Each structure stands twice: as structure tokens, then as C-alpha cells.
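Participant: here is the input, now give the coordinates:
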Amino acid sequence: MDIRQYLHRGYSTLALCLAIGLVLAGGALVLGGYRSGQRKALEAEAQRMALPDTLRVLTLSGATTYFTIQQEQMGYQYELLRLYAEEVGLPYSIRIVPTLDSLHTLLRSGSYNLSITPEPITKAGQSDWRFTGPSLERGMVLVQRAPQGEPDSSYLSNVTELIDKPLYILSDRHYEQRLHNLGAQLGHSLDVRPVGDATTNAEDLIALVATDSIDYAIVDSELARLAHTYYPNIDYKLEVGFSQRLRWATTSDYEGLAQSIDKWSAGVPSLESAKGIYKKYFEVYKVPIIEAPTEAPMPSQPRQDYRPSTPSGAISPYDDLFRSAAGPLPWSWHLLASIAEQESGFRPEVVAWSGARGLMGIMPATGRSYGAEVEELLSPAVSIRVSVRCLVDNAAIFRSIPRLEERLAFTLASYNAGAGHVQDAQRLTEKYGGNPNNWADVEQYILLKSERKYYTDPVCKHGYLRGKETYNYVREVRERYHRFRGH
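Facilitator: Numbers count the residues shown, from 1 in each chain. Prediction:
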């Protein structure tokens, strides 16, 4: 073999070895890549099935989802969320968003892992979301006045009786179409009267029924249940059309969270704590103590025991306490007496539906911020002490308002709802051309803070408020204060 043959054979062997090495290396790379991809897939699946370190929750603000009173977070859906978080030991944070579109955008981004604003379970929705949490049936109902014992020809008990009756409804294309379809099924068009005023909401229609201004309104069933606790004389038993099933929503990236919530929510109907939350929002009457009917299911002692005996010539049994505590206030002690009458009817043991308690109606979070634990708030002396400090601090927020009588209105509104809601109303007032330091202007926007158009306005930072309550509270406490001063 000459040198050329030897070299050729050597090069061929070397090339073969190199080729085999490259194949083996490539195979190793492919196998390594496969194993790496498999490992990443397993890690991703494990992450998808794990519970998050923190529940980052989105919600719309609303009467049954989430709102605040003073420093207290409230809302039926919020309190159910809190139950779940306590059950699994997870911390949580809440972010209020103005629209469903913005909620969906944030949920898709992965920055948040749960929405507690219930949404209808539809085929389109199921392709986007992983629905979870307590199930809620919701539809349209007829609101009418409840019969008062005697046969009442105006009371409707069947959908066929809707024909030729004036049916008031908020202007909503979806609801109007459903009623049009119902009329077609009944073989007779219905007398549907949409109310398109941007400042009117469903509760306003219900109030018109309750006060005999109109006979019938068609509203969302959940809002009707809630409104019944404010207007006990209404009836909402007649369902109009089909109901829809709604649940919370997350994404497929949080399947473990969804399964955990599903397991928990299956037991919610039998949980005493969940039953208590439902009762709080949908059964306990929310009219002021001094207006509650005898049979009202109030979270306190029976109505007939509502006021202890008052010494002759006194406003209440607590006048001496009011006098001694009122020194830091720029108003007379009669203001404390007026607030106590409004909040508790001078009953120091009262606990309101909202959790406000004691003689002066102090919320637990407010009490804690002034160094008083929940159980201490049933002490008249503690309740009055916290009340005075709260009034002084709220008055200081509005110290730029020179007239004392005017400042009193802002202070009382803050005492009732929280200064944040009052400042929201001031910003709305200014935006729409009013005087933010004039209560006659601001109280109109306190009322409008129950309207989605206003409480989702960018200038509003504190969401929904049932403004009618605060509006009436300020008027009634001020009027009684001046009356007590002339006592």
C-alpha cells in the first residue's frame, strides 16, 4: 500500500468517525432538547396547577360585588372571596376596574389571577375563561307591590298577565329584546316603557314601585333581592323569561386555583358562614333603626326594647356622656345625641347589617384605627369617644370650608360613608361645573355615586356608594341636631 492509499483510507476512517460523532452529538442535542422541553412543560403544568402565593383579584365596584363604607371593605362577592382566602390561607389584594373590557384585559395579561364579578356562562365565554366559584342564578323579575292581605287585582302572578300592563325598564337593548321576544311568545306585544335617563338606576325604579308612583318595573333579580331589604313592601317573585348562570372567572393558566375554588364552592351552600353572608346582604332589613318595622329581621334585639328609659327633661340616658365628650367639637353636644338617635336609637347593644355597632354606629375598622377593639364598641363611653375623634378628623379634612354649618354637612357625610366617597363627589361636582365646597351641589353627586356612569368616572377613586343613604343621613341628622338644640 503506497502512501496515498494509506492517507485516503485514514481520511475515510476519520471522516466516518466524525460523521458518527456528529450524528451522536446531534442525537444527544435532540434528546437533550426534548428532555429540556419536557422538563419545561412539566414545570409549566406544575405552575398551572399550583396555588398562587397571593390572590390578585379584579372586580367591578357595585352593590353586590365590592364597595367600601368608611374604612370597611364590603360586598357579597367580596365576602365570599374572603371566606375562600381564609379557608386556604392565602393573602389577597383587590383592584377595582371601571369596565368589563378593562377587567378582561388585565385578567388575560396574567398580572391578576381571579375576577369575582360574576359573568354569564356562555359558549363564547367558556372559550376565553375558566369559570369557577359559587354559582349564581340571575334573570329578570317583575317588581310590584306585595299584596296586603285582601285580594288585589293589580297583583300579577303569571307572565300572561303582563299583557297591557305598563312595564318600566331601564333602557337596555338586551333586556328590551328579551321582552320583545316574550311578547311574541305570548302572542301580544308588551307595553315596555324604557327609562333612558342616565341618572336613573334599577333601585330608582324599585323605589317608584314601593312609593306607588308606578305599578310595575322589570329589573335584575339580584338587585331586586337586595332592594327588598330597603323596601320591604315590594314583591319580586314573578320571573320574566329565563335566568342565566353566572360564576367568577380565571384563565387556564390558573387551573389549580380554579379546581381549589370549585372544591370549596361545592360546600358553600351548607356553610353557616356563607349563609350568614347571604342573609346580611339579601335578608336583613337595612332601613335605619328608628324606622324599622316591628317584624323586620334586624341583627339586634327586638324592636320593642329599642330604647332604654330616659330621665325626665333629657334627650337620652347618655346626655351627660355626650356633654363631657363634646369639648373638641366645634358643634354642641346635641350633635352626638342626634347621631346616636340615627345610628342606634340610643341602644348601645345594636349591631347594624353593615357591622357598624354600638351607640354611635362605629365600623370595626374605624374603631381599630382609634384604638378600640370590636367588643369595646358596645360600651357607650368607648363608642362616644371614638365618634368624637372621628368627627374631629373628618371636620379637619374639610377645614377649608369656612361656614361651620356647611362643614357640618361634609363631616356627617364622611362619618356615614367615608371621606373618600365625599371627595369623589366633590371632584364630580367640580368636573360638571358645580361648587365642590357647597353641600347643595355636592349632595347631588353623592346621590349619583350609585350610578355606574358616575362611580366609574376617572375622577372617582372609591367606586360605588349607595348615595341615597348618605344623602338622607346628612339631612336627618342635621335637622334633628337643630331640633335637639332647641330642646
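Participant: export stretch 350-369 as PDB, just CAs?
Facilitator: What follows is stretch 350-369 as a C-alpha-only set of coordinates in PDB (Å, rounded to 0.1, in the frame of the first residue of the first chain):
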ATOM      1  CA  VAL A 350     -77.100  47.400  68.400                       C
ATOM      2  CA  VAL A 351     -75.100  45.800  65.600                       C
ATOM      3  CA  ALA A 352     -76.300  47.000  62.100                       C
ATOM      4  CA  TRP A 353     -76.300  44.900  59.000                       C
ATOM      5  CA  SER A 354     -73.100  46.600  57.800                       C
ATOM      6  CA  GLY A 355     -71.200  45.700  61.000                       C
ATOM      7  CA  ALA A 356     -71.500  49.200  62.400                       C
ATOM      8  CA  ARG A 357     -72.100  48.800  66.100                       C
ATOM      9  CA  GLY A 358     -72.900  50.400  69.400                       C
ATOM     10  CA  LEU A 359     -74.400  53.700  70.400                       C
ATOM     11  CA  MET A 360     -72.700  55.700  67.700                       C
ATOM     12  CA  GLY A 361     -72.600  53.200  64.900                       C
ATOM     13  CA  ILE A 362     -68.900  52.700  64.600                       C
ATOM     14  CA  MET A 363     -67.500  50.300  62.000                       C
ATOM     15  CA  PRO A 364     -64.900  47.800  63.300                       C
ATOM     16  CA  ALA A 365     -62.100  49.100  61.000                       C
ATOM     17  CA  THR A 366     -62.800  52.700  62.200                       C
ATOM     18  CA  GLY A 367     -62.800  51.500  65.800                       C
ATOM     19  CA  ARG A 368     -59.400  49.800  65.400                       C
ATOM     20  CA  SER A 369     -57.900  52.900  63.800                       C
END
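Participant: neighbouring contacts of that stretch?
Facilitator: Contacts with stretch 350-369, where a contact means Cβ atoms under 8 Å, 6 or more residues apart in numbering, come from 69-72, 74, 229, 280, 284-286, 289, 298-301, 318, 336, 339-340, 342-344, 346-349, 372-374, 376-380, 382-384, 386-387, 390. Every residue, glycine included, has its C-beta placed from N, CA and C.
Participant: buried only: go through those residues for me.
Facilitator: When the contacts of stretch 350-369 are checked for burial by 16 or more other Cβ atoms under 10 Å, the buried set is 69-70, 74, 229, 280, 284-286, 289, 298-300, 318, 336, 339-340, 342-344, 346-348, 372, 374, 376-378, 380, 382-384, 386-387, 390.
Participant: is it fair to say residue 134 lies in a strand?
Facilitator: Yes - applying DSSP: H, G, I helix; E, B strand; the rest coil, one finds residue 134 inside a strand.
Participant: quick one: which of the contacts of stretch 350-369 sit in strands?
Facilitator: Among the contacts of stretch 350-369, DSSP state E puts 69, 72, 74 in strands.
Participant: distance to residue 135 and pLDDT for those residues - can I get that in JSON lines?
Facilitator: Output for the ones in strands among the contacts of stretch 350-369, formatted as JSON lines (distance: Cβ to Cβ, whole Å; pLDDT from 0 to 100):
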{"residue": "69", "distance to residue 135": "27", "pLDDT": "92"}
{"residue": "72", "distance to residue 135": "27", "pLDDT": "92"}
{"residue": "74", "distance to residue 135": "22", "pLDDT": "95"}
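Participant: which of the residues you listed lies closest to residue 136?
Facilitator: Among the ones in strands among the contacts of stretch 350-369, residue 74 lies closest to residue 136 (Cβ to Cβ), at 17.7 Å.
Participant: so the spatially closest residue to that closest one that is not a sequence neighbour versus residue 330, what's the distance?
Facilitator: In space, and not counting its chain neighbours, residue 74 is closest to residue 67: 5.6 Å by Cβ to Cβ, 6 or more residues apart in numbering. Residue 67 is 30 Å from residue 330, where distance means Cβ to Cβ, to the nearest Å.
Participant: when the two are compared, which one has more neighbours?
Facilitator: residue 67 (25 against 14; other Cβ atoms under 10 Å).
Participant: tell me the contacts of the more buried one?
Facilitator: 61, 74-75, 463-466.
Participant: neighbour-wise, which of those residues leads?
Facilitator: Within the contacts of residue 67, most neighbours by other Cβ under 10 Å means residue 465, with 30 neighbours.
Participant: that one - nearest residue in space that isn't next to it in sequence?
Facilitator: residue 449 (4.0 Å).
Participant: burial of the one you found, as a residue count?
Facilitator: Residues lying near residue 449 (other Cβ under 10 Å) number 27.
Participant: then the one 4 residues further on?
Facilitator: By the measure other Cβ under 10 Å, the count of residues near residue 453 is 10.
Participant: how close does it sit to residue 197?
Facilitator: Relative to residue 197, and taking Cβ to Cβ, residue 453 is found at 11 Å.
Participant: re earlier: so the residue nearest to residue 465 sits against residue 426, correct?
Facilitator: No - applying Cβ atoms under 8 Å, one finds residue 449 not in contact with residue 426, separated by 11.3 Å.
Participant: what touches both of these two?
Facilitator: The contact lists of residue 449 and residue 426 share no entry, where a contact means Cβ under 8 Å, 6+ apart.
Participant: what's near enough to touch residue 385?
Facilitator: Residue 385 neighbours (Cβ under 8 Å, 6+ apart): 325, 370, 372.
Participant: just want the most central residue of this structure.
Facilitator: In the chain, the centroid-proximal residue (Cα atoms, centre = their mean) is residue 66; its distance is 2.4 Å.
Participant: where do the strands sit along the stretch 51-200 of the chain?
Facilitator: For the stretch 51-200 of the chain, the strands defined by DSSP state E, counting those that start in this stretch occupy 55-60, 67-69, 72-74, 92-97, 114-120, 130-145, 167-170, 192-195.
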